[in-house]
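Asker: okay, predicted coordinates and the sequence, questions at the end:
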Amino acid sequence: MADSERSQIVDGIISALAAVSSLHVSETLVHWEEVPKQYYPISAFVTDHDENWDAFALFGGDAHDDVKSTLFFTVTCYCYRSDNDGRELRRLRTDLIRDVNAALEGGTTLMSLVLDMRPMRIVSDRGIVKNYSIFDMEFEADYLYAHATGG
């Protein structure tokens with residue numbers, strides 16, 4: 001059986017992020033202190049979670065022919081500096097935010113699978129964890145699929 005469209009989208013997200021230089025990417029989210037130091041200075045963990053479904057008529061067809069789905073996913077990012085240099089942690093964080101957005105919006109394989117992808121918000125640790133910058137980047141991705149074959 002072929003992979004579901006949702007699975008293909010998550011694979012596309014992971015592939016797009018894996019192209020970011022020096023970024024360790026995984027689907028297995030672990031506590032920041034459990035990440036082996038060789039995966040730093042930057043690591044990202046992809047988690048797909050909620051999804052909204054809406055009946056969607058395509059090309060004048062019946063409203064039950066297709067489903068428009070909005071997939072919610074989070075890219076949890078960890079940046080690490082052994083010297084706890086705040087300026088350098090900020091640089092790592094802001095560069096990683098830029099690179100994640102660019103990778104997801106510029107990934108041609110990923111963009112061929114979705115109608116639209118939107119960054120929604122960033123939730124950070126607010127600098128309370130020594131030596132680390134920890135934040136979640138939340139996104140939405142819309143895609144269509146035939147309900148008869150599933151998403």
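Answerer: It's in.

Asker: tell me, what residue is most central in the chain?
Answerer: Val75 (4.1 Å; CA atoms, centre = their mean).

Asker: kindly provide the distance from the closest residue to that one other than its chain neighbours to Lys68.
Answerer: Nearest residue to Val75, sequence neighbours excluded (CB to CB, 6 or more residues apart in numbering): Met137, at 4.5 Å. For the C-beta atoms, the positions are set from N, CA and C on the backbone; glycine is no exception. Per CB to CB, to the nearest Å, Met137 is found 23 Å from Lys68.

Asker: pick out whichever of the two has more residues nearby.
Answerer: Met137 (21 against 16; other CB atoms under 10 Å).

Asker: for the residue nearest to Val75, what are its contacts?
Answerer: The contact partners of Met137, by CB atoms under 8 Å, 6 or more residues apart in numbering, come to 74-77, 97, 100-101, 119, 122.

Asker: which of those residues fall within helices?
Answerer: Among the contacts of Met137, the members found in helices (DSSP state H) are 97, 100-101.

Asker: average pLDDT across stretch 9-28?
Answerer: Here stretch 9-28 scores 94 as its mean pLDDT.

Asker: what's the answer for stretch 37-51, then?
Answerer: 95.
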